[in-house]
Every structure is written in structure tokens, then in C-alpha cells.
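Engineer: coords please:
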Amino acid sequence: MQKYFNRELSWVKFNARILDQSFKLDLPILERLKFLAIYGVNLDEFYMIRVAGLKKLYHRGITKVGDDGMSPAQQLKAIEKVLRSQKEDLEKSYFSIRNALMQEGIFILDYDELDESDQQRAREYFNRSLYPIIVPVVIDAIHPFPHFNNLSFGIIVKMQNIKNPQEVSFALIRIPRFFPRFAEIREGVFVTCESIVGEFANLVFEGFKILNWCPFRITRNADFEIEEEEADDFIELLSEGLKARKRGEIVRLQVGKNHDESLLEFLQSHLPKVDAYHYDLPLDLGALWQIVSHPHFPHLLHPYFSPKIPQVLNEEGKIFEVLKEQDLMLFHPYESFDPVVRFIQQASRDPNVLSIKMTLYRVGKDSPIVQALIDAAGHKQVNVLVELKARFDEENNLEWVRALEEAGAHVIYGVAGLKVHAKIALVLRKEIDRIRGYVHIGSGNYNMQSAKVYTDISLLSSREELVADAIKFFHSLLAGLAKRTQLQSIFMAPMQIKPKILDLINGERQRGENGKIIMKMNALVDSDVIDALYEASQNGVKIYLIVRGICALRPEIAGLSENIKVISLVGRYLEHARIYYFKHGGLYFASADMMPRNLQRRIELLVPIEHPEASQSLLNFLTLQLEDTKGAYELRSSGEYQQILGEGFDSQQECQKLNFKEAWNGF
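Structural biologist: Next up is the predicted model:
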């Protein structure tokens with residue numbers, strides 16, 4: 001039996017757990033629809049990056065295998081088999097949710113399902129909004145099959161010349177992506193755009209009879225490599241890479257309702273050797289967010305949860321005074337992200353603040369944090385590392401770079417050969433007797449929106465040892481020395497985190513049956529870490545792993561991993577915090593997962609929690625999650641995940657009730 005699971009197949013099973021949530025009848029109906037949207041967006045990215053990468057290896061004739069022993073060809077075959085089996089569940093879930101939504105007065109329909117009055121509204125919508133912007137393209141000897149950008153959407157039409165019935169031809173109608181995926185022709189009635197366009201295709205191709213049509217969607221390889229060290233202008237090189245993403249090799253063809261063999265054969269003749277999937281549901285499941293986020297249906301979602309703010313921070317203007325006396329730890333989204341935003345905003349306005357330094361990875365649009373940095377740049381020293389290689393956030397980050405530089409900030413774009421994934425901010429403030437530093441370190445991004453739905457840890461402090469490490473950290477980024485920098489009280493990848501984790505695991509291994517490890521992370525892939533955990537298990541150490549997504553470790557193997565339990569939690573919030581507990585080595589939080597890319601190819605931070613009350617509170621939280629019987633799945637040695645059934649204990653819901661302030665704020 002192989003010691004390791006394949007990382008790609010493990011991811012596919014993670015997305016299956018997302019899909020599984022959409023079947024849960026005890027969830028509000030739009031929460032179930034939300035999980036379908038998440039499933040679709042996840043799968044798009046998986047095809048654009050992971051499957052595309054495997055296809056590239058396969059076409060190059062590369063047969064080298066990873067730790068799991070599977071070649072690219074074997075992985076592609078296995079992935080396709082699993083995804084095709086998921087398709088049946090996907091369609092079953094969609095139509096079940098669709099029927100339930102009808103009971104709530106929300107209808108997701110095709111044109112031919114509308115009554116006469118709604119069909120008239122759809123016709124008016126077509127004439128007013130769709131007809132002017134769709135792009136018809138006839139395919140013939142002088143009009144070749146056109147280029148479609150990544151995730152482009154349209155319909156293929158088979159038509160007959162009315163004057164010459166022997167003349168049968170094919171055409172395409174491109175539907176721009178910037179247009180809403182569903183036409184809301186009246187409140188609560190959403191009609192798929194492709195069904196409206198297909199119905200009125202005869203108005204586009206006058207003189208032709210429409211014989212048949214069907215929607216299709218194209219997915220391209222969206223990964224690109226940047227030779228940073230050979231670049232004279234990194235931003236120009238990145239911009240070219242973003243353009244190339246739209247022209248990447250086609251890796252997937254999705255075909256919707258109404259397709260017949262002639263339509264499919266025509267598409268595949270122009271798009272050879274791509275994975276083709278046929279669906280009876282609307283293509284682009286991610287577009288269901290249009291309905292999930294509709295302002296008129298909040299009663300069909302979870303009730304709004306108001307995150308807590310520590311009482312010590314309830315007064316404006318006190319944050320620096322508070323941090324002089326104590327550290328603050330926040331657990332988002334149960335505790336608000338607002339104090340972190342306030343930390344930067346107050347630093348921006350405070351005349352005694354001399355300098356603000358930050359790393360930015362995924363900050364989103366309309367970021368109040370970046371706006372505060374822009375406001376500060378005209379009268380303070382502002383140094384910002386904006387990671388331009390943050391996949392699918394490159395364009396947004398480019399816009400922030402330009403705005404920050406225009407405001408006068410000193411911006412660097414990353415570190416050659418590494419991604420900067422660490423989340424840290426340093427404020428230097430002139431006070432009566434000296435310059436004092438204040439630092440924020442987190443496990444999640446500086447993003448107001450994701451902080452509402454991702455579980456993450458924030459630490460705010462003025463402790464001298466943390467400030468000293470933060471200063472050295474930013475000096476290493478600015479001086480180009482981050483690849484080999486080592487800190488004193490914090491641990492920094494790529495030099496320090498992996499050796500530290502291996503040392504901590506080994507420390508528990510030496511304790512034998514008295515040892516205990518709990519590790520919470522998004523992914524566990526690194527074979528050295530896995531092997532160390534196997535050795536600890538063989539020595540009797542009890543090991544509990546809370547791994548949301550990919551897990552290459554195989555538990556429950558006699559003589560190897562019988563002391564290791566692996567669970568995955570899926571629920572209202574995305575489990576994003578990385579917390580590592582070692583009974584005899586302490587407790588840590590980090591920006592890093594246990595993957596080779598995080599440990600060896602990224603700048604990451606691992607932070608020890610030294611205060612006993614804070615450490616115990618985080619340990620209590622981990623224990624709470626291990627008791628979950630609502631959204632927890634246990635990984636079996638077969639590679640399958642089995643939902644843990646019990647009395648329905650929901651650890652996330654329990655965390656909403658807890659008052660963390662008393663447990664860990666003010667130490």
C-alpha cells in the first residue's frame with residue numbers, strides 16, 4: 001500500500017465535500033446554492049491550473065511520478081473518472097435546490113419554461129440588452145473558428161438556408177462575460193441568458209432557419225511562468241503574462257442542454273483533444289452568486305452574525321495605548337477584523353507615527369487598509385510589499401501598486417523566485433523617550449470581505465522581540481536577502497519553518513505515548529513532514545490532524561499511522577487558520593500550510609504563542625473542532641472521507657456563542 005495519497009485526487013475529494021453540503025436539508029436554501037457556486041468556482045480553478053499543468057507534463061512526454069507513484073497520465077485518467085462520477089450528484093443537487101427555490105418564489109428557468117407574459121419580458125430584455133452586445137460569427141472557409149478567452153461563454157448554432165434548404169451551416173454567438181449570467185425579468189424570476197439568445201438566434205441570422213443550438217464554455221490553461229531574474233520591467237512582464245493567460249491552451253469544453261451529435265462533433269473538430277463534459281444544468285455555476293447575493297433574499301441565508309470587538313478596544317484612539325500594556329489576539333470571523341483595519345487607519349492619521357510597513361497578498365477591491373496607506377504616503381514613510389504573483393489577484397494588485405506609487409509609497413513587487421505569503425504589518429511611532437514599534441501578524445489576508453467568512457488568527461503586539469524580528473523581516477525584503485534570513489523569536493520560511501516543525505514533531509516522538517500533536521491546516525503534502533508524523537505515530541504519539549483540503553498522509557495503517565486521526569471540517573466559514581500544537585513544544589499559528597511550496601518556495605511566518613492563557617484558549621478551540629459532528633469528515637485509509645455522525649455538534653456555531661475576550665484578550 002502506498003504511503004501517500006495523490007494530492008490532485010485528494011483535492012477532488014475535498015471539492016466533493018463542498019458539493020455534499022448542498023444536499024444538507026437543514027441548511028437555508030440559498031446556503032445550499034452557495035455551496036454549488038463554490039464547487040463550480042473551485043473546479044474552474046482546478047482545471048485552469050492543476051489539470052492544465054498535468055496535461056502540459058503529459059504532452060511533453062514526462063512520466064516522472066511524485067511521492068504517490070502516479071504519472072501525469074494516470075492522474076488525468078483518475079481525475080476525469082472521479083469528476084464524471086460527481087457530475088450525476090451535481091445535477092441531482094442543482095435540480096433539487098431549484099425545485100426548493102420555487103417554493104420560496106425564486107425561479108431559475110430557461111426561456112421555454114416561461115409563460116406568455118414572461119416570454120414577452122424576455123423578448124424585450126433581448127432587444128434592449130442582449131442583441132446590441134452579442135457577437136455572431138459564421139464559421140466557413142473564410143471565417144475560421146474564432147478565439148475564445150478563458151472561461152468564455154456562448155452558443156453554437158446549426159442553421160439552414162431558407163432559400164437553399166440543402167445549405168446547412170454552423171455559427172457561433174459569443175455572449176460577453178461582463179453581462180449578468182441570468183436575466184431577472186421580474187423579481188425572483190431568473191432566466192438563463194443563453195436560452196434567450198438561442199430562442200431569438202433567428203433574428204441574428206436573418207434568412208436562416210435555426211435547426212438546433214446549445215451553449216458551451218471554454219476553459220484554458222491559466223498558469224504562466226515569469227522569469228523574474230531576466231526581467232528589466234517586472235510589471236510589464238506580468239502584464240504580458242496576464243494577456244497570455246487569455247490565450248492559454250484549451251483544456252476543457254463544457255456543453256449544455258440541447259446538444260446533439262452534429263453540434264458536439266463540430267465543436268470537437270475545432271477543439272480537439274480537450275476534456276468534454278455535458279451538463280443539463282446551467283454552465284458556469286459560479287454565476288449562481290448573482291442569486292445568492294441578491295439583496296431581496298437575505299432571509300434564505302444564515303442569520304447575520306455580528307462579530308465581537310474586545311471591550312478594551314471599544315474606545316476610538318486607544319489602540320496604541322492598549323498595545324503598550326498588553327498583546328491582543330483576535331480570532332476571525334468570530335471576533336471582528338475591524339481592530340486590524342483601525343490599527344492601520346490610526347497609524348495613517350497619527351502625527352507621531354513615522355513609518356508603516358506591510359505585506360499585501362490578497363486585499364480585494366475598495367480596501368480601507370490600502371486607502372489608509374495611500375493617505376499616509378504623502379506625510380510618512382510607507383513601505384509596502386505587494387505580491388504581484390498572487391494567482392488571480394494579479395490585476396487587482398497591479399492597480400493598488402500604481403495607486404500606492406502615485407501617492408508616494410515605496411512599493412516592491414515581491415521577491416525573485418519566491419512568493420511572499422506572510423501577513424505582517426509594522427508601525428514605528430515616535431514617543432516620549434524613544435521610537436516604539438507595534439506589529440500585527442496574521443494567518444489570513446488583509447481583506448475585509450474574506451475576514452468575514454474565513455477563520456483566521458490575528459496577533460497585535462508591541463513586544464520588543466516581535467518588533468525587532470519585524471524590522472529585520474522588512475529589511476530583508478527591501479535588501480533582497482529574504483531567501484536566507486533567519487529571525488530570533490518568529491520563524492521564517494524558507495529557512496526556518498520546516499526545520500522547526502520537524503524538530504517539534506521529533507520532540508513529541510521522543511516522548512512516546514506521552515506525546516501529543518494537533519495540527520490544523522489547509523493542506524498537508526510535504527513528504528518530510530508526513531514521514532516525521534509517521535515515525536511519531538509508530539512511537540506511540542497521539543496525532544490529530546484537522547486538514548481542510550488536500551491531505552497526502554494515509555491514516556490508520558497498521559505499524560505506520562494507526563495513531564493518526566485526520567478530519568476535515570466544512571461549514572459556514574472556510575477553515576483557513578493554521579494552528580500547530582505540540583504538548584511538549586508549545587503552540588504556534590502561521591501563514592503556512594505543510595506543503596513544499598509554503599515551506600520552501602514562499603516567505604511565510606510561524607509565530608509561537610507564549611502566553612499560557614492564549615495558548616490554552618487556542619488549544620480549547622482545537623479540541624472543540626475535534627468534537628465536531630456537524631461538518632466533520634474523517635479520512636479513512638482507503639482515501640475516502642466518511643462524515644462523522646453524532647448529535648450534530650457544530651463547532652463553528654459554538655464559536656459564535658463564545659466570548660473569546662475573557663479567554664485570550666489582555667495578556
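Engineer: contacts, neighbours, all on C-alpha from now
Structural biologist: Fine.
Engineer: so what's residue 17 closest to, chain neighbours aside?
Structural biologist: Distance criterion Cα to Cα, 6 or more residues apart in numbering; nearest residue to residue 17, sequence neighbours excluded, is residue 570 at 7.3 Å.
Engineer: hmm, residue 632 and the one you found touching each other?
Structural biologist: Yes - Residue 570 lies in contact with residue 632 (Cα atoms under 8 Å); the separation is 6.5 Å.
Engineer: of these two, which one has the most company?
Structural biologist: Using other Cα atoms under 10 Å as the criterion, residue 570 and residue 632 rank with residue 632 on top: 28 against 19.
Engineer: residues touching that one, list them.
Structural biologist: 567-570, 643-644 (Cα atoms under 8 Å, 6 or more residues apart in numbering).
Engineer: can you pull the contacts of the closest residue to it other than its chain neighbours?
Structural biologist: For residue 632, ignoring the flanking residues on the chain, the nearest one in space by Cα to Cα, 6+ apart is residue 569 at 4.5 Å. Counting by Cα under 8 Å, 6+ apart, residue 569 touches 546-548, 575, 631-633.
Engineer: got it, and residue 257?
Structural biologist: 214-215, 278-281.
Engineer: just put those residues in CSV and tack on distance to residue 607 and pLDDT.
Structural biologist: Shown next, in CSV, are the contacts of residue 257 (distance: Cα to Cα, whole Å; pLDDT from 0 to 100):
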residue, distance to residue 607, pLDDT
214, 54, 94
215, 50, 95
278, 48, 93
279, 47, 93
280, 49, 92
281, 46, 93
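Engineer: could I get the full set of helices for the stretch 301-450 of the chain?
Structural biologist: Ranges of helices in the stretch 301-450 of the chain, per DSSP state H, counting those that start in this stretch, are 319-325, 338-349, 368-376, 394-407.
Engineer: who are the packing partners of the third one?
Structural biologist: Read it as helix 368-376. Here helix 368-376 touches helix 338-349, helix 394-407, going by 3 or more Cα pairs under 8 Å, 6 or more residues apart in numbering; DSSP states H and E.
Engineer: so for that helix, mean pLDDT?
Structural biologist: For helix 368-376, mean pLDDT is 96.
Engineer: repeat that for the longest one.
Structural biologist: Throughout helix 394-407, pLDDT has a mean value of 86.
Engineer: likewise for the second one?
Structural biologist: When pLDDT is averaged over helix 338-349, the result is 96.
Engineer: buried ones in it, by neighbour count?
Structural biologist: For helix 338-349, a neighbour-count test (16 or more other Cα atoms under 10 Å) marks 339-348 as buried.
Engineer: what does the last one give?
Structural biologist: Residues of helix 394-407 classed as buried: 394-395, 397-398, 400-401, 404, 407 (neighbour count, 16+ other Cα under 10 Å).
Engineer: closest one of the residues you listed to residue 413?
Structural biologist: The closest of these to residue 413 turns out to be residue 401 (Cα to Cα; 8.1 Å).
Engineer: hang on, residue 554 packs against residue 4?
Structural biologist: Yes - with contacts counted by Cα under 8 Å, residue 554 reaches residue 4, the gap being 5.8 Å.
Engineer: next, format the contacts of residue 569 as TSV and append pLDDT and secondary structure.
Structural biologist: Putting the contacts of residue 569 into TSV (pLDDT from 0 to 100; DSSP: H, G, I helix; E, B strand; the rest coil) gives the following:
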residue	pLDDT	secondary structure
546	98	strand
547	98	strand
548	97	coil
575	96	strand
631	94	coil
632	96	strand
633	97	strand
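Engineer: out of those residues, which end up buried?
Structural biologist: For the contacts of residue 569, buried by 16+ other Cα under 10 Å: 546-548, 575, 631-633.
Engineer: out of those residues, who's nearest residue 249?
Structural biologist: Among the buried ones among the contacts of residue 569, residue 548 lies closest to residue 249 (Cα to Cα), at 30.6 Å.
Engineer: dump the residue contacts of the closest one.
Structural biologist: By Cα under 8 Å, 6+ apart, the neighbours of residue 548 are 14, 521-523, 567-570, 575-576.
Engineer: find the nearest non-adjacent residue to residue 50, please.
Structural biologist: residue 8 (7.5 Å).
Engineer: same question, residue 208
Structural biologist: Distance criterion Cα to Cα, 6+ apart; nearest residue to residue 208, sequence neighbours excluded, is residue 161 at 4.6 Å.
Engineer: that neighbour - how many residues pack around it?
Structural biologist: 16.
Engineer: quick check: it touching residue 211?
Structural biologist: No - at 10.2 Å, residue 161 does not count as touching residue 211 under the criterion of Cα under 8 Å.
Engineer: pop the domain breakdown of this protein in here.
Structural biologist: Domain assignment for the chain, taken from automatic domain parsing, gives 7-300, 311-482, 491-664.
Engineer: so how far does the first one reach from one end to the other?
Structural biologist: Read it as domain 7-300. 35 Å (Cα to Cα, to the nearest Å).
Engineer: quick one: low-confidence parts of this structure?
Structural biologist: 1, 141, 224-247, 315-317, 390, 392, 659-667 (pLDDT under 70).
Engineer: report the buried residues of the longest helix along it.
Structural biologist: In the chain, taking DSSP state H as the definition, the longest helix is helix 72-102. The neighbour-count check on helix 72-102 (16+ other Cα under 10 Å) flags 72-73, 75-76, 79, 83, 86, 90, 93-94, 97-98, 101 as buried.
Engineer: who are the packing partners of that helix?
Structural biologist: Using 3+ Cα pairs under 8 Å, 6+ apart as the contact test, the elements touching helix 72-102 are helix 7-21, helix 29-46, helix 52-59, strand 107-109.
Engineer: dump the third one to PDB, restricted to CA.
Structural biologist: Listed in PDB are the C-alpha atoms of helix 52-59, where the atom choice follows Å, rounded to 0.1, in the frame of the first residue of the first chain:
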ATOM      1  CA  ALA A  52      -3.700  22.200 -17.200                       C
ATOM      2  CA  GLY A  53      -0.300  21.600 -15.600                       C
ATOM      3  CA  LEU A  54      -0.700  17.800 -15.700                       C
ATOM      4  CA  LYS A  55      -1.700  18.000 -19.400                       C
ATOM      5  CA  LYS A  56       1.400  20.000 -20.200                       C
ATOM      6  CA  LEU A  57       3.600  17.400 -18.500                       C
ATOM      7  CA  TYR A  58       1.800  14.600 -20.300                       C
ATOM      8  CA  HIS A  59       2.200  16.300 -23.800                       C
END
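Engineer: just give me the longest strand of this structure.
Structural biologist: Secondary structure of the chain per DSSP state E: the longest strand is strand 208-220.
Engineer: so what does that one touch, helix or strand wise?
Structural biologist: Using 3+ Cα pairs under 8 Å, 6+ apart, the elements in contact with strand 208-220 are strand 153-161, helix 193-199, helix 201-204, strand 250-255.
Engineer: let me know which of those is the nearest to residue 538.
Structural biologist: Of all the helices and strands packed on strand 208-220, it is strand 250-255 that lies closest to residue 538, at 43.0 Å by Cα to Cα.
Engineer: tell me where the stretch 401-550 of the chain has strands.
Structural biologist: For the stretch 401-550 of the chain, applying DSSP state E, counting those that start in this stretch gives strands covering 410-412, 419-420, 423-430, 435-442, 454-461, 491-493, 516-521, 542-547.
Engineer: can you list the ones you listed in TSV and add distance to residue 584?
Structural biologist: Formatted as TSV, the strands of the stretch 401-550 of the chain follow (distance: least, Cα to Cα, whole Å):
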stretch	distance to residue 584
strand 410-412	40
strand 419-420	30
strand 423-430	27
strand 435-442	24
strand 454-461	22
strand 491-493	18
strand 516-521	8
strand 542-547	13
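Engineer: most packed of these?
Structural biologist: Greatest average neighbour count among the strands of the stretch 401-550 of the chain goes to strand 491-493 (a mean of 26), per mean count of other Cα atoms under 10 Å.
Engineer: tell me the gap between it and the middle of its chain.
Structural biologist: With Cα atoms, centre = their mean, to the nearest Å as the basis, strand 491-493 stands 23 Å off its chain's centre.
Engineer: need the contact list for the residue located most distally from the centre of the chain.
Structural biologist: Relative to the centre of the chain, the most outlying C-alpha is that of residue 163, 53.3 Å out, by Cα atoms, centre = their mean. By Cα under 8 Å, 6+ apart, the residues touching residue 163 are residue 207.
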